[in-house]
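# quick one: sequence and predicted model below, then my questions.
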Amino acid sequence: MYLYDTLDREFVADRSAEFREQVARRLAGEITEDQFKPLRLMNGLYLQLHAYMLRVAIPYGSMNAAQLRKLAWIARTYDKGYGHFTTRTNIQFHWIKLRDAPDILDALASVDMHAIQTSGNCIRNTTADPYSGATAEELDDPRVWAEAIRQWSSLHPEFSFLPRKFKVAITGSAKDRTAAKVHDIGLMLRRGRDGQLGFEVIVGGGMGRTPYVGPTIREFLPAGRLFSYLEAVLRTYNRYGRRDNKYKARIKILVAALGAEEFGRQVEAEWEKIGPAGDLPDTELARIRAAFAPKRFETLPPVSAAFEEAKASDPAFARFARNNVKAHKTPGYAIVEVSLKAIGETPGDATADQMDVVADLAERYGQDDVRVTHEQNLVLPHVRQDDLPAVYAALAQAGLGTANINLISDIIACPGLDYCALANARAIPIAQDIAERFADPDRAETIGELKVKISGCINACGHHHVGHIGVLGVDKKGEEFYQLTLGGSGAEDAAVGQILGPALPADQVAEAVDTLVEVYLRERAEGERFLDTFRRTGVAPFKEAVYAAAH
């Protein structure tokens with residue numbers, strides 16, 4: 001992974017010192033909350049319903065054991081003993097005291113971490129495939145490009161005050177594990193006809209009040225021209241983006257208004273003006289790429305006797321292997337997904353003790369490498385198959401052995417009204433109700449891949465628009481109701497879900513999801529996922545069953 005040099009460390013230290021002075025002035029009453037708000041947001045500090053929340057950047061979801069241990073220490077020392085991993089692959093601490101914020105930033109800086117650009121109308125944390133460097137599917141390691149974007153965009157003088165927040169995702173594989181098509185910019189690595197590396201460039205995706213799957217504005221962009229092209233996209237947005245109306249300020253609104261063809265034409269014209277001078281020098285890309293040199297793997301047999309014996313003798317481990325263990329590019333190794341979706345718990349939450357356990361496992365068995373997924377789970381990307389039984393045993397003892405990756409209880413949920421001042425309704429209890437309804441692991445495996453995503457408001461931090469089953473909290477005269485959508489996808493077959501019908505009260509949501517699942521099990525053809533069946537049958541059988549049951 002990328003390691004900070006002297007320049008990086010000075011940059012972060014200066015920012016921390018600057019914020020310490022700003023906090024001192026606020027605590028002394030020298031500046032008002034209105035004056036302080038833009039300063040704290042630039043450092044990832046929000047004022048939520050009950051306390052301050054600090055959002056810490058985990059660039060492209062990648063960290064080492066020392067960094068994860070520091071997050072655990074912060075959770076114990078300054079919070080209530082846990083942190084919340086988000087769909088932006090960051091971590092949030094929800095119970096921060098203002099006076100402690102500068103000390104936390106200093107602690108983060110000590111392990112090359114920060115909270116810069118986790119808020120504000122700037123380029124936020126660029127996300128990447130959590131299997132980067134571990135999967136045989138990828139054309140190139142997208143972390144190289146994500147790190148280059150991080151360095152290019154950090155406090156960029158032209159793009160630090162955009163019309164609205166701006167999000168980028170990069171995938172190196174045909175399989176999209178980043179939801180690239182519902183980002184402001186989605187970059188998908190491709191090979192040209194001559195074997196040249198490049199990107200398909202998708203612009204204008206997004207969720208929230210007006211969800212869009214982003215259109216492709218360039219089928220193939222030579223990789224070496226990426227940064228001048230990004231500059232052209234951002235300049236076009238900066239020039240025409242709606243600064244007069246925050247609800248119409250995202251780039252998706254501009255692309256939809258102009259049309260993808262016209263927007264692309266304007267980007268190309270701007271790109272031509274910028275020329276090669278805007279491209280990243282080859283020497284700089286090589287410097288960054290060196291930080292992601294391939295790991296040294298042992299030469300191992302493709303089949304591990306220890307792994308096979310453990311699966312045969314332990315049904316719980318066999319289930320974990322089926323659902324949470326994924327293929328690695330190197331024989332004898334595996335990718336391990338660590339579910340933060342134990343039945344009845346808050347999706348995405350990890351206690352300080354659990355973070356320490358994962359850090360220890362990464363150090364001992366996983367080449368000191370931990371990833372965060374946009375689906376609010378963790379990944380140990382490089383584990384020897386021989387070590388999988390020991391890794392599972394330690395995870396299970398820590399309450400992290402839930403074998404439900406991509407199953408119905410692997411639910412994305414935002415913090416909702418339990419924490420967030422923007423929310424209309426709670427999301428966490430709904431996620432817990434649904435997970436408990438499908439707690440039987442045999443039934444969950446029978447159902448198969450089914451992605452449930454829950455947001456507490458229209459801002460869609462829980463990605464409900466692209467859930468196979470999406471759940472949106474709405475306020476109806478002071479009461480919490482929930483609107484269901486079906487058929488969404490955040491993968492390479494991205495789609496925005498279709499509204500099922502009138503919103504339901506909180507106590508009917510889990511029952512409605514159960515009904516939807518029963519319709520799917522009745523209607524599905526051989527080998528079909530829930531999403532496949534819905535796309536074949538349409539909404540009618542699902543809608544009829546839910547509202548017949550509700551009345």
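Cool, got the structure. Fair warning: this is a prediction, and the values are worked out from it, not measured in the lab.

# quick one: the strands in the stretch 151-300 of the chain, in order.
Listed in chain order, the strands of the stretch 151-300 of the chain (DSSP state E, counting those that start in this stretch) span 168-171, 185-191, 197-203, 216-222.

# out of those strands, flag the one nearest Q151.
strand 168-171 (13.3 Å; CB to CB). In this view, the C-beta of every residue, glycine as well, is placed from N, C-alpha and C.

# can you tell me the strand partners of the closest one and which way each runs?
strand 127-128 (parallel), strand 185-191 (parallel) (DSSP bridges).

# for the record, mean pLDDT for the last one?
Right, the one you point to is strand 185-191. Here strand 185-191 scores 98 as its mean pLDDT.

# can you check stretch 232-240 too?
97.

# pull out the buried residues from it.
Neighbour-count burial for stretch 232-240 flags 232-238 (criterion: 16 or more other CB atoms under 10 Å).

# what does stretch 179-193 give?
179-190.

# redo those residues as JSON lines? Include distance to G490.
Output for those, formatted as JSON lines (distance: CB to CB, whole Å):
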{"residue": "A179", "distance to G490": "4"}
{"residue": "A180", "distance to G490": "9"}
{"residue": "K181", "distance to G490": "8"}
{"residue": "V182", "distance to G490": "6"}
{"residue": "H183", "distance to G490": "10"}
{"residue": "D184", "distance to G490": "15"}
{"residue": "I185", "distance to G490": "15"}
{"residue": "G186", "distance to G490": "11"}
{"residue": "L187", "distance to G490": "15"}
{"residue": "M188", "distance to G490": "14"}
{"residue": "L189", "distance to G490": "18"}
{"residue": "R190", "distance to G490": "20"}
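
# for L49, find the nearest of the strands paired with strand 168-171.
strand 127-128 (26.6 Å).

# which other residues reach that closest one?
Applying CB atoms under 8 Å, 6 or more residues apart in numbering, the external contacts of strand 127-128 come out as 60-62, 88-89, 142-143, 145-146, 167-172, 178, 374.

# endpoints of stretch 72-86, how far apart?
16 Å (CA to CA, to the nearest Å).

# with stretch 446-461 instead?
For stretch 446-461, the end-to-end distance is 29 Å (CA to CA).

# averaged pLDDT, that stretch. What do you get?
For stretch 446-461, the per-residue pLDDT averages 97.

# show me where pLDDT drops low in the stretch 51-200 of the chain?
For the stretch 51-200 of the chain, no stretch has pLDDT under 70.

# that one: helices as residue ranges?
65-78, 101-109, 142-153 (DSSP state H, counting those that start in this stretch).

# now mean neighbour count and distance to I217 too, for those helices, in a markdown table please.
Converted to a markdown table, the helices of the stretch 51-200 of the chain look like this (neighbours: other CB atoms under 10 Å; distance: least, CB to CB, whole Å):
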| stretch | mean neighbour count | distance to I217 |
| --- | --- | --- |
| helix 65-78 | 20 | 36 |
| helix 101-109 | 21 | 36 |
| helix 142-153 | 23 | 18 |
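
# with distance to G462 added, can I get these in JSON lines?
Shown next, in JSON lines, are the helices of the stretch 51-200 of the chain (distance: least, CB to CB, whole Å):
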{"stretch": "helix 65-78", "distance to G462": "22"}
{"stretch": "helix 101-109", "distance to G462": "26"}
{"stretch": "helix 142-153", "distance to G462": "23"}
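
# and of these, who's closest to L422?
helix 101-109 (20.7 Å).

# I figured I202 hits M188, correct?
Yes. If you go by CB atoms under 8 Å, I202 and M188 touch, sitting 7.0 Å apart.

# what sits against Q151?
Counting by CB under 8 Å, 6+ apart, Q151 has contacts I288.

# then E518?
Contacts of E518 by CB under 8 Å, 6+ apart are A545.

# pLDDT at it, what is it?
98.

# on that earlier part again, nearest to T118, out of the strands paired with strand 168-171?
The nearest among the strands paired with strand 168-171, by CB to CB, is strand 127-128 at 12.5 Å.

# for the closest one, the distance to its chain's centre please.
Counting by CA atoms, centre = their mean, to the nearest Å, strand 127-128 is centred 7 Å from the centre of its parent chain.

# stretch 227-239 too?
24 Å.

# looking at the strands paired with strand 168-171, spot the one closest to M53.
strand 127-128 (19.7 Å).

# state the distance from A51 to I31.
Distance of A51 to I31, given as CB to CB, to the nearest Å: 20 Å.

# and the gap between the residue lying closest to E138 once chain neighbours are set aside and I430?
Of all residues not flanking E138 in the chain, G172 sits nearest, at 3.5 Å (CB to CB, 6 or more residues apart in numbering). Look at G172 and I430: by CB to CB, they are 34 Å apart.

# determine the longest helix present in the chain.
Identified as the longest helix of the chain according to DSSP state H is helix 6-27.

# got a list of contacts for that one?
So helix 6-27 is contacted by 4, 31, 33, 36, 39-40, 43, 98-99, 101-102, 105-106, 108-109, 112, 114, 116, 154 (CB under 8 Å, 6+ apart).

# stretch 197-204 too?
By CB under 8 Å, 6+ apart, stretch 197-204 touches 139-140, 180-181, 183-192, 212, 214-223, 226, 229, 233, 251-252, 254-256, 260, 263-264, 267.

# centre of the chain to it, how far?
The answer for stretch 197-204 is 19 Å, by CA atoms, centre = their mean.

# enumerate the positions of that stretch that are buried.
Within stretch 197-204, the residues scored as buried using 16+ other CB under 10 Å are 198-204.

# A491: which of these is nearest?
The nearest member of the buried residues of stretch 197-204 to A491, counting by CB to CB, is I202 at 13.4 Å.

# need the three-state assignment for the residue nearest to the spatial centre of the chain.
Centroid-nearest residue in the chain: H374, 2.1 Å away (criterion: CA atoms, centre = their mean). Assigned by DSSP: H, G, I helix; E, B strand; the rest coil, the conformation of H374 is coil.

# nearest residue to it other than its sequence neighbours?
In space, and not counting its chain neighbours, H374 is closest to T87: 5.0 Å by CB to CB, 6+ apart.

# give me phi/psi at that neighbour?
Backbone torsions for T87, taken as degrees, to the nearest 10, come to phi -70, psi -10.

# what of A540?
phi -50, psi -50.

# ends of stretch 485-505, what's the gap?
OK, stretch 485-505 end separation, CA to CA: 15 Å.

# flag every buried residue along it.
485-492, 494-498, 500, 503-504.

# stretch 455-475 too?
For stretch 455-475, by 16+ other CB under 10 Å, it's 455-458, 460-473.

# try stretch 413-423
By 16+ other CB under 10 Å, the buried positions in stretch 413-423 come out as 413-420, 423.

# these into CSV, with extra columns for distance to K543, pLDDT and secondary structure?
Below are the buried residues of stretch 413-423 laid out as CSV (distance: CB to CB, whole Å; pLDDT from 0 to 100; DSSP: H, G, I helix; E, B strand; the rest coil):
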residue, distance to K543, pLDDT, secondary structure
A413, 24, 98, strand
C414, 26, 97, coil
P415, 30, 96, coil
G416, 25, 97, helix
L417, 27, 94, helix
D418, 30, 95, helix
Y419, 32, 95, coil
C420, 30, 94, coil
A423, 27, 95, coil
